[in-house]
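# Sequence first, then the predicted structure:
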Amino acid sequence: MKILLIEDDREAANYLIQALDEAGHVTHHAADGETGYAMASGMDYDVLIVDRMLPRRDGLSIVESLRAESDQTPVLILSALGEVDDRVTGLRAGGDDYLTKPYAFTELLARVEVLARRSSPTEAATNFQVGALTLDRLSRKVERDGETILLQPREFRLLEYLMKHAGQVVTRTMLLENVWDYHFDPQTNVIDVHMSRLRGKIDKGHAQPLLHTIRGAGYMIRE
Amino acid sequence: MNSILRLWQTTTVRLTALFILIFVLASIGLLAFIAYQSSIVIQQNQIRDIEREIRQLQRTEDRRGIRAVAVSVQALSNRPGPGIYYLGDDVGRMLVGNVSDFPASVLADEGIHSFDYERAHAFSGDDADQSPEGRSGYALVESVLLKSGLRLVVGRDIVERRSFTAIIFQGFFFGVVGIVVFSTLAGGLTAMRVLKRIDGITATSTKIMSGNLSERVSVTRRNDEFDRLATSLNAMLDRIEQLMQGLKEVTDNIAHDLKTPLTRLRNKAEAAAREGVSAEERQKALETTIEESDQLIRTFNALLMIARVEAGTPSGALTNINISEVVSDVADLYAPVAEDAGMILETSVPEGIMLHANRELIGQALVNLVENAIKYAAVPGQETAGITLGLRETDERVIIEVADSGPGIPERDREHVVERFVRLEKSRTEPGSGLGLSLVSAVAQLHKGAFRIEDNGPGVRAIIELSKSA
């Protein structure tokens, strides 16, 4: 995956470039807003990671300009400002996701990978399938090996989100944001509890588990 | 001189000056109007008097002849007062009367005339006044030709009327002087009083600016506008002092509660960096380091959030939300967690209660309360500890309650737990920042509400009251 990182903190940038490289992504780097904007509009990237406060040009204005030129490259905004209204401003400017500093790299990686696949056809699909597990978004039916699994509405949404991003790591905060629409960091293991319930319904009695816990990062559903 | 300048610079004095000016101008206008009107009325009355006398004299001539007229005129002439009488022949010689030096036109033409003349004597009763000014008069006369061919002139000396006008103007002059003097005094005194009160406030604020935050503006018992201002200023100062106090507490607590984990973090890192540590141990030490720093970040985030909420979020962040849904969502999110902890989370949430509020903040506050209940309400050995999440509304408020049946909080600690970083002794060992309830309190205040903790006998009843008018 080809990523453009616009970040003025040299050390943070180096760390991210190296870590993204280890995760198998090619990362270009711009250290200020003007250069970043020139690179973003001149080349094709799968994802842009844009720091909000940059020298020479503000991160949000870069995103706004790109969107005005109908450049729809997914953008992840990084910011030290993490309040609800800051997040709203960031997303309104055209950002697709918003991550508050300091963040764990696994969180950033999971979000970048989900963003990059955002424009793929699975987004609008009405049916998801992982192995023998199927989910029908219209009839709201979930089956594994032909057996119907009964889920609570919230469990359904949880599974739907996981299956939409099958094969990708989704973090606990991503689940809280997308399934419950809350943007705080849960202090307790609230997401784990829900996941363990879901796992009980999906994987119980099956030799091959589909729901996997990715240590230090989150969860993934795959064959 | 300086104090006079200061007085002049006060609004009261300037307003008083303006008032005096307007009053004087208005008085001049009014008096001029009165003087003009009354002079017209007086002149009309005099002319009527004159005409009546002439008619009487004409009747006397008709009935008793010209001789009787001459006797009457003679008698009238001798009367003291402003009367002017003349009876003369056709060549202008006076037969009887008290004034003879008429302008030629008076003796030639019939009708009403007015002219200056010289009196034979002062009629004011003040005989000493025989100066030319005292004797110069102004006459208003009517001249007629009698049937017998004699000329009759009857008139009034109207200097008297003029002196009436003079009296009006004199009264006006003293009045104006009086008003000016009185208003200046009153304005000056008022201004001085106002200035004194203002100076008091200024002095207090100077003291406060120089660092003495406990100073307050004095409030008198008069309950006037200055007292209202002073009361409101004092309330503001109380709030500022309270905020400053809060800031100081936070700084102290940060020093204590953040330095401790930071020291721990540093020690862990140092231990891991030491030589001879196995790779496995190093890995473990690094993982705890990350965990510790995550906890620190959480604490910082919570602190920043409280600060932002207490500073007041822009009103745009408040929208109309379905508070029933928010409460149900939190219950839905935490019911499995409670169950795993051996508790039952029950809800009593009527549907469709709307509130102008910030969904994220209300959600976060509720989560903090529920997490607290789950963390502290579990009683070992007791299986059915329960948590109830309730929502109800009154005409003015929406009330959210999180009640548990745990060990509760001793009464003396109940107010205390809302403060930042306060963690009751037995919870010191549990993970957490001690900021949860402070945030709840701040969120309640942002929504013009209040947060309090009551006894649930046994257990804790945490109550958030939110104002519908927030």
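Cool, got the structure.
# Quick one: end-to-end length of stretch B:440-458, please.
End-to-end distance for stretch B:440-458, by CA to CA, to the nearest Å: 22 Å.
# and if you look at stretch B:266-285?
11 Å.
# Now do the buried residues in it.
B:268, B:272, B:285 (16 or more other CB atoms under 10 Å in any protein chain shown). (Glycine included, C-beta is placed from N, CA and C.)
# Give me the contact list for it.
Contact with stretch B:266-285 is made by B:286, B:288, B:289, B:292, as judged by CB atoms under 8 Å, 6 or more residues apart in numbering or on different chains.
# Please apply the same query to stretch A:177-193.
A:84, A:87, A:154, A:157-158, A:161, A:172-173, A:175-176, B:298, B:301, B:329, B:333-334, B:336-337, B:340, B:360, B:363-364, B:367, B:371, B:374-375, B:431-432.
# With only the CA atoms kept, save that stretch in CSV.
Taking C-alpha atoms only, stretch A:177-193 is exported to CSV below (Å, rounded to 0.1, in the frame of the first residue of the first chain):
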residue,chain,number,x,y,z
GLU,A,177,-16.7,4.3,17.6
ASN,A,178,-18.4,2.4,14.8
VAL,A,179,-20.7,0.1,16.7
TRP,A,180,-21.6,2.3,19.7
ASP,A,181,-20.7,5.8,18.3
TYR,A,182,-18.7,6.8,21.4
HIS,A,183,-15.2,8.3,21.0
PHE,A,184,-13.7,7.7,24.4
ASP,A,185,-11.1,5.2,25.6
PRO,A,186,-12.9,2.6,27.7
GLN,A,187,-11.2,2.1,31.0
THR,A,188,-12.6,-1.4,31.5
ASN,A,189,-12.6,-4.4,29.2
VAL,A,190,-16.1,-3.5,28.0
ILE,A,191,-15.4,-4.4,24.4
ASP,A,192,-13.7,-7.7,25.3
VAL,A,193,-16.8,-8.7,27.2
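# Only the buried residues of stretch A:207-223, if you could.
Buried-residue list, stretch A:207-223, by 16+ other CB under 10 Å: A:210, A:211, A:217, A:218, A:219, A:220, A:221.
# and the fourth one, what is it in contact with?
Okay, so that is residue A:218. A:106, A:110, A:169, A:170, A:171, A:172, A:174, A:175.
# Please apply the same query to the first one.
The neighbourhood of residue A:210, defined by CB under 8 Å, 6+ apart, consists of A:130, A:131, A:133, A:202, A:203, A:221, A:222, A:223.
# at 6 Å what do you get?
A:130, A:131, A:133, A:221 (CB atoms under 6 Å, 6 or more residues apart in numbering or on different chains).
# Chain B: which of those is nearest?
residue A:221 (19.1 Å; CB to the nearest CB).
# In this structure the closest one contacts residue A:164, no?
No - no contact is recorded between residue A:221 and residue A:164 when judged using CB atoms under 6 Å, the distance being 9.5 Å.
# Stretch B:288-302 - what's its average pLDDT?
For stretch B:288-302, mean pLDDT is 81.
# ugh, typo on my part, it should be stretch B:26-37
81.
# Give the buried residues for that stretch.
So stretch B:26-37, judged by 16+ other CB under 10 Å, has buried residues B:31, B:35.
# Helix or strand with the lowest mean pLDDT in chain B?
helix B:132-135 (a mean of 56; mean pLDDT, DSSP states H and E).
# Which residues outside stretch B:59-78 are in contact with it?
Contacts of stretch B:59-78 (CB under 6 Å, 6+ apart): B:57, B:85, B:87, B:96, B:97, B:98, B:146, B:148.
# Is the closest residue in space to the fifth one that isn't next to it in sequence in a helix, a strand, or coil?
What that stands for is residue B:97. Using CB to CB, 6 or more residues apart in numbering or on different chains and skipping the chain neighbours, the partner closest in space to residue B:97 is residue B:86 (3.8 Å). Under DSSP: H, G, I helix; E, B strand; the rest coil, the three-state class of residue B:86 is strand.
# bridging residues for residue B:86?
Residue B:86 has these beta-bridge partners by DSSP bridges: residue B:97, residue B:153.
# hang on, the earlier thing: quick one: which of the buried residues of stretch B:266-285 sit in helices?
B:268, B:272, B:285 (DSSP state H).
# which one of those residues is nearest chain A?
The closest of those, once distances to chain A are taken by CB to the nearest CB, is residue B:285, at 15.1 Å.
# Do you know the pLDDT at that closest one?
For residue B:285, the pLDDT comes out at 85.
# And it, how far from residue B:293?
Per CB to CB, to the nearest Å, residue B:285 is found 13 Å from residue B:293.
# Tell me how chain B divides into domains.
Under automatic domain parsing, the residue ranges defining each domain of chain B are B:1-207, B:319-467.
# Can you tell me which of these is packed in deepest?
domain B:319-467 (a mean of 19; mean count of other CB atoms under 10 Å in any protein chain shown).
# any residue of that domain up close to chain A?
Yes - using CB under 6 Å from any CB of the partner chain, domain B:319-467 reaches chain A at B:332, B:333, B:336, B:337, B:340, B:360, B:363, B:364, B:371.
# interface residues of the stretch 151-300 of chain B facing chain A?
residue B:297.
# residues of the helix or strand hosting residue A:19 that come out buried?
Residue A:19 is part of helix A:10-22 when elements are defined by DSSP states H and E. Neighbour-count burial for helix A:10-22, counted by 16+ other CB under 10 Å, picks out A:13, A:16, A:17, A:20.
# what does stretch B:211-228 give?
B:215, B:216, B:217, B:226, B:227.
# so is the second one in a helix, a strand, or just coil?
Taken by three-state DSSP, the conformation at residue B:216 corresponds to coil.
# and it, what are its phi and psi?
phi -140, psi 150 (degrees, to the nearest 10).
# my guess is it meets residue B:235, correct?
No - Residue B:216 is beyond contact range of residue B:235, at 10.0 Å (criterion: CB under 6 Å).
# ok so, going back, and the two most separated of the buried residues of helix A:10-22?
A:13 and A:20 (10.4 Å; CB to CB).
# ok so, going back, of the contacts of stretch B:266-285, grab the buried ones for ChimeraX.
Selecting only the buried entries of those in ChimeraX, with 16+ other CB under 10 Å as the criterion:
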select /B:289,292
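# Output the contacts of stretch B:266-285 as TSV; include the columns secondary structure.
Formatted as TSV, these follow (three-state DSSP):
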residue	secondary structure
B:286	helix
B:288	helix
B:289	helix
B:292	helix
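# Looking at residue A:63 now. What's its pLDDT?
91.
# Over to residue A:41?
89.
# Same question for the one 4 residues further on.
Looking at residue A:45, its pLDDT is 91.
# Same check on residue B:430?
pLDDT, residue B:430: 50.
# Pull the contacting residues for the residue positioned nearest the centre of chain A.
The centre of chain A sits closest to residue A:111, judged by CA atoms, centre = their mean, with a distance of 2.6 Å. Applying CB under 6 Å, 6+ apart, we find residue A:111 in contact with A:76, A:97.
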